[in-house]
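In: sequence and predicted structure, then a few things I'm wondering about:
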Amino acid sequence: MDVDRFYRAINKVQPGLIRVEADELTYSLHVVLRFELEQEMLTGTLNLDELPDAWNARMKSYLGVDVPDAARGVLQDVHWSLGLIGYFPTYVIGSIVSAQIWANLLAAIPDLPEQIERGEFGNLREWLRDHLHRHGRKFTPQETLQKVTGTDTVDVGPYVAYLRRKFGEIYRIP
């Protein structure tokens, strides 16, 4: 198999029912669905008995998939049954912040991809050590972001650019 075909195969975008099996591009839609439903449950605009139907409708709207049963729908995650509410967005925020850090890293070391391709990781290790790892848990996440990127504001731009670049190549998206 040639490398282009292999790359497309391992980066296939195919909306599905299960969040933890979702591809990189549609994963965030699973998180958005959950977060919106959590907000509505907590504010009382969505009754719990309406939750399965609301889940199914949004899965169809956001991902174009029909939910065959509650096990692969609203009950697929144990989070809600354990009382774990409100942190699904942190999964996506981690991806957004990592892209923001990566963009700053590439600005400092523009030829880093070529270095990695050659198996050279020293500059990457040193940059991460000097700008990120040395701080440990000394600062809040916002303070750490400020020290690493120069801003304490989470910026979705680098993440969206990464997704466009990666999946635009695969699917010829402008």
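Out: Arrived safely.
In: quick check: buried residues in the host helix or strand of Met41?
Out: Assigned by DSSP states H and E, Met41 belongs to helix 27-43. In terms of neighbour count (16 or more other CB atoms under 10 Å), helix 27-43 has its buried residues at 27-31, 33-35, 37-38, 41. In short, each C-beta sits where N, CA and C put it, glycine included.
In: could you do stretch 90-103 as well?
Out: Neighbour-count burial for stretch 90-103 [16+ other CB under 10 Å]: 92-93, 95-97, 99-101, 103.
In: before we move on, what about stretch 147-166?
Out: Under 16+ other CB under 10 Å, the buried positions of stretch 147-166 are 148-149, 158-159, 162-163.
In: got the contact list for the lengthiest helix in the chain?
Out: When the chain is parsed with DSSP state H, its longest helix is helix 88-108. The contact list for helix 88-108, computed with CB atoms under 8 Å, 6 or more residues apart in numbering, reads 27-28, 31, 34-35, 38, 79, 112-113, 124, 127-128, 131-132, 141, 145, 148-150, 154-156, 158-159, 161-162.
In: one more time with 6 Å, if that's ok
Out: Contacting residues not belonging to helix 88-108 are listed as 28, 31, 34-35, 112, 127, 148-149, 154-156, 158-159, 162 [CB atoms under 6 Å, 6 or more residues apart in numbering].
In: from these, pick the one nearest Arg58.
Out: Comparing the contacts of helix 88-108 against Arg58 with CB to CB places Arg34 closest, at 9.4 Å.
In: check the gap between the closest one and Asp66 for me.
Out: 18 Å (CB to CB, to the nearest Å).
In: before we move on, what about Leu42?
Out: Relative to Asp66, and taking CB to CB, Leu42 is found at 27 Å.
In: now distance to Ile85 and pLDDT too, for the buried residues of stretch 147-166, in JSON lines please.
Out: Converted to JSON lines, the buried residues of stretch 147-166 look like this (distance: CB to CB, whole Å; pLDDT from 0 to 100):
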{"residue": "Val148", "distance to Ile85": "29", "pLDDT": "94"}
{"residue": "Thr149", "distance to Ile85": "29", "pLDDT": "94"}
{"residue": "Pro158", "distance to Ile85": "29", "pLDDT": "97"}
{"residue": "Tyr159", "distance to Ile85": "24", "pLDDT": "96"}
{"residue": "Tyr162", "distance to Ile85": "29", "pLDDT": "93"}
{"residue": "Leu163", "distance to Ile85": "27", "pLDDT": "93"}
